[in-house]
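1. make a model of this:
(2 chains)
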2 protein chains.
Amino acid sequence: MTTFDFCERILDLLRGKQYSALQRYLDTLNPTDIAECMLDLQDEGDLEDKELLRLFRLMPKELASDTFAEMEPELQEKLIGGFSDKELGEVLEDMFLDDAVDVIEEMPASVVKRILKAVDAETRQAINQLLNYPEDSAGSLMTIEYVDLRPAMTVEEAFAHIREHGVDKETIYTCYIIGPTRKLLGAVSVRELLLAKPGTVLRDMMETNIISVSTMDDREEVANLFSHYGLTALPVVDKEKRLVGIVTVDDAIDVLQEEATEDMELMAAMLPSERPYLRSSTWELWKQRIPWLLILMVSATFTGMIITGFEQGLAANAALIAFIPMLMSTGGNCGSQSSVMVIRGLSLGEIEMADALRVLWKEFRVSVFCGLALAAAGFVKVLLIDGWLFRNPDITVGVAATVGLTLAFIAVVAKLVGGLLPMGAKKLGFDPAVMASPFITTIVDALSLLLYFTIASLLLGL
Amino acid sequence: MTTFDFCERILDLLRGKQYSALQRYLDTLNPTDIAECMLDLQDEGDLEDKELLRLFRLMPKELASDTFAEMEPELQEKLIGGFSDKELGEVLEDMFLDDAVDVIEEMPASVVKRILKAVDAETRQAINQLLNYPEDSAGSLMTIEYVDLRPAMTVEEAFAHIREHGVDKETIYTCYIIGPTRKLLGAVSVRELLLAKPGTVLRDMMETNIISVSTMDDREEVANLFSHYGLTALPVVDKEKRLVGIVTVDDAIDVLQEEATEDMELMAAMLPSERPYLRSSTWELWKQRIPWLLILMVSATFTGMIITGFEQGLAANAALIAFIPMLMSTGGNCGSQSSVMVIRGLSLGEIEMADALRVLWKEFRVSVFCGLALAAAGFVKVLLIDGWLFRNPDITVGVAATVGLTLAFIAVVAKLVGGLLPMGAKKLGFDPAVMASPFITTIVDALSLLLYFTIASLLLGL
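-> Now for the predicted structure:
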């Protein structure tokens, strides 16, 4: 909402060529807001590429780099196209290294080449190192800009070191203490340093029992550690326990949000996407949605086959047809309730693979009680609403009993399938969320129909 | 995993009455881990209530309070039952106020009374103030333990203030600068203070354009600000813009995680729960799941009625029955794809109410292309697989065309319903996620069947 107000002001000042007023105004704004405003103005055609570049160049260096880091890749690419090589190098070098790597990962090869040529040798080497880590690893998430101290330093020396080297570190509030081979020995917070006597030696005050992760750890697990322990930074070490980088809490939050979105998309039978909904084109949304729609349509051939197999019996007991959708959707709901809880539990680390039997047993008990309640309610509902209220003479006690009994069995089967399949997927190395709606629905649908027709055969002689 | 190792060690030392060794060992551990270990040991019956209390009392005061804050409410209540009033007061006063309030909110009235009597007058007043804010507000999320500075202070004086008062503030890294009536004037980070000259006056260096929230703001929106702007703390002000508290990033992460879980549960037709899956009893899980199962079972009466209405026509064209499940589940999938994206977008603040028309138009375009693809694939699939491969003579080109055409219309209708209903819910003040699966499924199911039978009547004379 407020984005609009200051966005209009920016445009007014730019159009009125009041550059020095605009410069002062930009300096009071937040980089995230400026980046959003630039994108909005471009989207609405209010800001030409030339004007975008002018606006960007009006910002003080640090603000410009921070704003650049917050932009959507399209806008970054546009700006890079307008930058001189010198300008490009400066912007990238002013950014935190992990942000610079995030930019590079989204650019086409030709732009990457230009960027790597434009930055200085040291930055280039660091970028290349970070680019080498797999996309979902702690290594790709970390930054190498942190404060490292030595165990023999005093608090006073530590502060001198922070004052000298802290300017372009991503966080200075947790400092890491390393040995001669860069082995991680401990950590000390600026808070502890501030409250300690200036002469205290770090070795005597540092926390040695610190949580660290390895460069190859999965980034979702790393982000979960932040949430679990309430951390603001986490050191990343290599195989020899040498400190190579840190992950900061802002990046961890982004991972947690992205992973939750991804899980939701997978559960709703979509391929995950990284772009916000309103910024995705029709074509991108279509590509994200159509594969599972087609797969699930074709896999429903099974349910069709089962119905075709019982076609004659159904024609003779036409009243049974009307309950097929209700039974299948109840099965689907039961299954997705269980699968969603298990998938979320696995994501949050609340459920581990070793808990498979506990999950099975819990789902069995819950499903029996759900089944009993559904059976009783279903039996009464079929007799009262479908039979008596709508005066349908085909609804006999036998039909009601068939529907009720089927509901009980469906609840149990659907919940067991829904609870176990995600764990099975994880065991096999797949993302548990992929198993959620799509596969479970297909399996539960087929099983629900088979249960229905089998019970109908036994009770009604279908 | 490692929880087990150190948990066993704790139990060994406790059983062996090696209390001083245990005390030293506990001091190397993390409060979150100790709290988890205590819960595990109690769950497995390895730790009696008396031993739990002894273990707790062995910890140094600060660690004990931190561990207490991390515990599940059951365990906290058990410990409180064993505490003397003096002990209770000390533990609560050592905790951060927002954590203490979190504890109190979970306790039965009698325990709350005892707690409020046990703490000192100042803490009692502060707790009562925080307890007054609505559960989902920024006020209930904030802590009142922050560092406040005055604009006339120098950097040197600021450090002196932090050293004196910072010990029991939840964060010292962002300090807030307030005027004579506590009006929020600006903020300064410890990083900036460290890098500034000792004589600099805060007025001249403070950031005045700061993001703040109001006590009554929704906690999900507050948490989203952390993620959007990459914050680590956020000031909370009252109606007169006076500073009353701060929200810290660890609490914001918890909110984001809880809200994502809640959305997933609602989307999967469950009532939200706050307890982790494995800690929920069968009865709790049942209560969470059965309401929607029953409601949706009964609401499926509509689909049953529609089928019953076309019963005679279906008996004459039995081949059409086999496609009912596939058509309904395709409708459900199309609808939930759209609704999940819109709900998540609303949660993350990426979609606002003003975007309703853009969403409608986007969903329309995507749904047309999805519909066309489904129609074409469905037509071919019915003819080839159901007709030719399974040699079913009832599958005519007319049947295939009916199914294909229905798929196209279902995709459009389902995606429009799925995209708009969550926004309608938000407009009416409901949680958009409640609209997701349950309502949308019922509406889309009924519409899908009506479309199918209407198209069949037109093409096949059903």
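2. for the rest of this, base every contact and every neighbour count on C-alpha atoms.
-> Fine.
3. are the helix or strand hosting A:Ala433 and chain B in contact anywhere?
-> Assigned by DSSP states H and E, A:Ala433 belongs to helix A:432-434. No - shown here: helix A:432-434 not in contact with chain B (C-alpha under 8 Å from any C-alpha of the partner chain), separated by at least 11.7 Å.
4. for that helix, packing partners?
-> helix A:249-267, helix A:324-347, helix A:397-427 (3 or more C-alpha pairs under 8 Å, 6 or more residues apart in numbering or on different chains; DSSP states H and E).
5. in the helix or strand following the second one, what counts as buried?
-> Moving toward the C-terminus from helix A:324-347, the first helix or strand encountered (DSSP H and E) is helix A:356-381. Counting neighbours by 16 or more other C-alpha atoms under 10 Å in any protein chain shown, one finds that the buried residues in helix A:356-381 are A:356, A:359-360, A:362-381.
6. distance between helix A:356-381 and the chain's centre?
-> On the basis of C-alpha atoms, centre = their mean, to the nearest Å, helix A:356-381 sits 31 Å off its chain's mean C-alpha point.
7. with stretch A:433-450 instead?
-> Using C-alpha atoms, centre = their mean, the offset of stretch A:433-450 from its chain centre is 24 Å.
8. over to stretch A:139-158?
-> 30 Å.
9. now that stretch: buried residues?
-> So stretch A:139-158, judged by 16+ other C-alpha under 10 Å, has buried residues A:139-151, A:153-158.
10. mind listing what the residue of the stretch 351-462 of chain A found nearest chain B touches?
-> Using C-alpha to the nearest C-alpha, the closest approach of the stretch 351-462 of chain A to chain B is made by A:Val366 at 5.4 Å. Shown in contact with A:Val366 (C-alpha atoms under 8 Å, 6 or more residues apart in numbering or on different chains): B:Thr282, B:Trp283, B:Leu285, B:Trp286.
11. out of the residues you listed, which touch chain A?
-> Within the contacts of A:Val366, those near chain A by C-alpha under 8 Å from any C-alpha are B:Thr282, B:Trp283, B:Leu285, B:Trp286.
12. what's the ChimeraX line that selects buried ones from the contacts of A:Val366?
-> ChimeraX command restricting the contacts of A:Val366 to the buried ones, with burial defined by 16+ other C-alpha under 10 Å:
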select /B:282,285,286
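13. mind listing the strands for chain A?
-> A:148-149, A:174-178, A:184-189, A:213-214, A:233-237, A:243-248 (DSSP state E).
14. tabulate those in JSON lines, adding columns for distance to chain B and mean pLDDT.
-> Conversion of the strands of chain A to JSON lines gives the following (distance: least, C-alpha to the nearest C-alpha, whole Å; pLDDT from 0 to 100):
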{"stretch": "strand A:148-149", "distance to chain B": "16", "mean pLDDT": "94"}
{"stretch": "strand A:174-178", "distance to chain B": "11", "mean pLDDT": "94"}
{"stretch": "strand A:184-189", "distance to chain B": "10", "mean pLDDT": "94"}
{"stretch": "strand A:213-214", "distance to chain B": "14", "mean pLDDT": "95"}
{"stretch": "strand A:233-237", "distance to chain B": "11", "mean pLDDT": "95"}
{"stretch": "strand A:243-248", "distance to chain B": "10", "mean pLDDT": "94"}
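15. redo these as JSON lines? Include distance to B:Gln125.
-> JSON lines is the format used below for those (distance: least, C-alpha to C-alpha, whole Å):
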{"stretch": "strand A:148-149", "distance to B:Gln125": "43"}
{"stretch": "strand A:174-178", "distance to B:Gln125": "34"}
{"stretch": "strand A:184-189", "distance to B:Gln125": "31"}
{"stretch": "strand A:213-214", "distance to B:Gln125": "42"}
{"stretch": "strand A:233-237", "distance to B:Gln125": "34"}
{"stretch": "strand A:243-248", "distance to B:Gln125": "36"}
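16. residues in contact with the residue lying closest to A:Asp85 once chain neighbours are set aside?
-> Residue nearest to A:Asp85 in three dimensions, not counting chain neighbours: A:Ala118, with 5.5 Å by C-alpha to C-alpha, 6 or more residues apart in numbering or on different chains. By C-alpha under 8 Å, 6+ apart, A:Ala118 lies in contact with A:Asp85, A:Lys86, A:Leu88, A:Gly89.
17. do the same with A:Asn132
-> A:Ser140.
18. quick check: phi and psi at it.
-> phi -80, psi -20 (degrees, to the nearest 10).
19. ok, A:Gly349 next?
-> Torsion angles, degrees, to the nearest 10, at A:Gly349: phi 80, psi 10.
20. what about A:Val112, neighbour count?
-> Residues lying near A:Val112 (other C-alpha atoms under 10 Å in any protein chain shown) number 15.
21. now swap in A:Gln257 and tell me
-> Neighbours of A:Gln257 (other C-alpha under 10 Å): 19.
22. gap between it and A:Leu97?
-> 22 Å (C-alpha to C-alpha, to the nearest Å).
23. likewise A:Asp5?
-> 33 Å.
24. more neighbours: those two, which one.
-> A side-by-side neighbour count of A:Asp5 and A:Leu97, using other C-alpha under 10 Å, places A:Leu97 first with 22 against 10.
25. chain neighbours aside, what residue packs nearest to the more buried one?
-> Here the residue nearest A:Leu97, using C-alpha to C-alpha, 6+ apart, is A:Thr143, at 6.0 Å.
26. now swap in A:Thr215 and tell me
-> With C-alpha to C-alpha, 6+ apart, the residue lying closest to A:Thr215 is A:Gly139, at 4.3 Å.
27. what sits against the one you found?
-> Here A:Gly139 is in contact with A:Leu130, A:Tyr133, A:Ser214, A:Thr215, A:Met216, A:Asp217, A:Val236, A:Gly245 (criterion: C-alpha under 8 Å, 6+ apart).
28. okay, the closest residue to the fifth one other than its chain neighbours: pLDDT?
-> I take that to be A:Met216. Closest residue to A:Met216 apart from its sequence neighbours, by C-alpha to C-alpha, 6+ apart: A:Ser137 at 5.1 Å. Among the per-residue scores, A:Ser137 shows a pLDDT of 92.
29. how close does A:Ser137 get to B:Thr282?
-> In terms of C-alpha to C-alpha, A:Ser137 sits 37 Å off from B:Thr282.
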